[in-house]
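K.L.:
What would the 3D arrangement of this be:
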Amino acid sequence: MIYQYKDKRNNVNLANEYTLAKTLSMFDYTGLPDTIPEKELERILQENGYAFIYQWDNDIIAFNGSLSGDVDYYNNQTEINITNNKTRKNKTVPLNEGVLILNDDYKLGILKLINKYNTLINENEISIVMANFNNRVQKILSASDDNTKESAKQYLDKVIAGELAIIGESPFLEDLKVQGSSVSNAQSFSDMIELNQYFKASLLNELGIQANTNNKKERLINAEVEQNKELLYPLVNNMYNNRIEAVQAINDKFGLNVSVEYGSVWKDRNVEKGLENGNTIEVLEDETRLVESDSEIRNSEPE
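P.N.:
The predicted structure follows:
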């Protein structure tokens with residue numbers, strides 16, 4: 001699939017897949033049965049919002065099903081419809097015969113969140129592409145008849161090809177009008193690029209990765225880092241807690257020894273490390289590094 005600025009749906013789907021390719025490594029599992037690949041389990045959870053662990057014949061499998069049946073006192077459904085893709089058989093199973101893993105308390109997954117931001121990013125990138133196109137239009141040529149229009153086209157084609165172009169008839173000049181383009185970019189490229197970075201940083205923050213959404217500032221003080229840090233934790237911690245509860249239920253139900261921990265960059269998401277003694281976080285080009293002291297910043301500034 002190739003990026004085409006006119007094909008919004010495919011652009012967003014492609015961006016969603018790239019983002020999910022990163023978030024599938026958010027958690028690391030040990031002890032899962034061979035019939036439940038870690039990436040397949042996370043893909044179901046993050047895209048669907050929940051997964052159902054059930055022993056079909058002799059295999060323990062993670063299913064992507066639809067909840068159904070009667071509800072309990074809290075309006076939670078008590079059954080699930082699942083399909084064994086290998087045998088093409090369907091079955092309706094009471095939830096208490098397996099383990100329902102929730103991605104989050106509302107069974108939302110993160111695909112909807114990812115899709116929201118990638119839609120905004122895609123719209124902004126289309127604006128950048130269109131502004132780039134419009135920036136090429138410096139003059140507008142208008143012709144009063146088809147002959148003049150065709151002559152003007154041939155003239156421009158030769159100029160583009162790097163050939164000498166000659167106008168042989170004065171009527172061509174009389175019938176052709178050249179006007180300055182009325183196209184103007186109300187929003188500068190820099191503004192649109194900053195908006196793009198803001199959307200991307202906001203998505204990363206939602207997914208628990210530290211990113212600076214304030215592109216006007218090069219450095220963040222401790223208070224600003226702490227304030228931003230609070231935005232990183234709620235969703236990913238909720239996802240982690242649901243997996244901890246589910247893993248314990250799986251172990252009890254099937255006699256396994258499964259465990260789960262944060263994986264990839266999420267292992268190091270604790271930004272509290274090293275922020276003592278008035279240290280400051282310096283943000284340059286969307287990359288964050290720890291500066292050991294405020295004096296280092298002052299000494300590094302150009303005179």
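K.L.:
And the pLDDT for Asp7?
P.N.:
Looking at Asp7, its pLDDT reads 84.
K.L.:
That one and Ile126, how far apart?
P.N.:
10 Å (C-beta to C-beta, to the nearest Å). From N, CA and C alone the C-beta is placed, and that goes for glycine too.
K.L.:
Would you confirm that Phe119 contacts Val12?
P.N.:
If you look again at residue 119, you'll see it is Thr, not Phe. Yes. Counting by C-beta atoms under 8 Å, Val12 is a contact partner of Thr119 at 5.4 Å.
K.L.:
tell me the SS of Val260?
P.N.:
Assigned with DSSP: H, G, I helix; E, B strand; the rest coil, Val260 falls in the strand class.
K.L.:
OK, contacts around it?
P.N.:
Residues in contact with Val260, defined by C-beta atoms under 8 Å, 6 or more residues apart in numbering, are 27-30, 240, 243-244, 247.
K.L.:
Just give me the closest of these to Lys86.
P.N.:
Tyr29 (21.8 Å; C-beta to C-beta).
K.L.:
my hunch is that that closest one is in a helix, does that hold up?
P.N.:
No. Read with three-state DSSP, Tyr29 is strand and lies in no helix.
K.L.:
which stretches of the stretch 51-200 of the chain have low pLDDT?
P.N.:
134, 136-139, 165-176, 179-187 (pLDDT under 70).
K.L.:
Helices along that one, start to end?
P.N.:
Assigned by DSSP state H, counting those that start in this stretch, the stretch 51-200 of the chain shows helices spanning 111-136, 146-160, 170-175, 189-206.
K.L.:
would you turn those into a markdown table with mean neighbour count?
P.N.:
Formatted as a markdown table, these follow (neighbours: other C-beta atoms under 10 Å):
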| stretch | mean neighbour count |
| --- | --- |
| helix 111-136 | 16 |
| helix 146-160 | 13 |
| helix 170-175 | 12 |
| helix 189-206 | 17 |
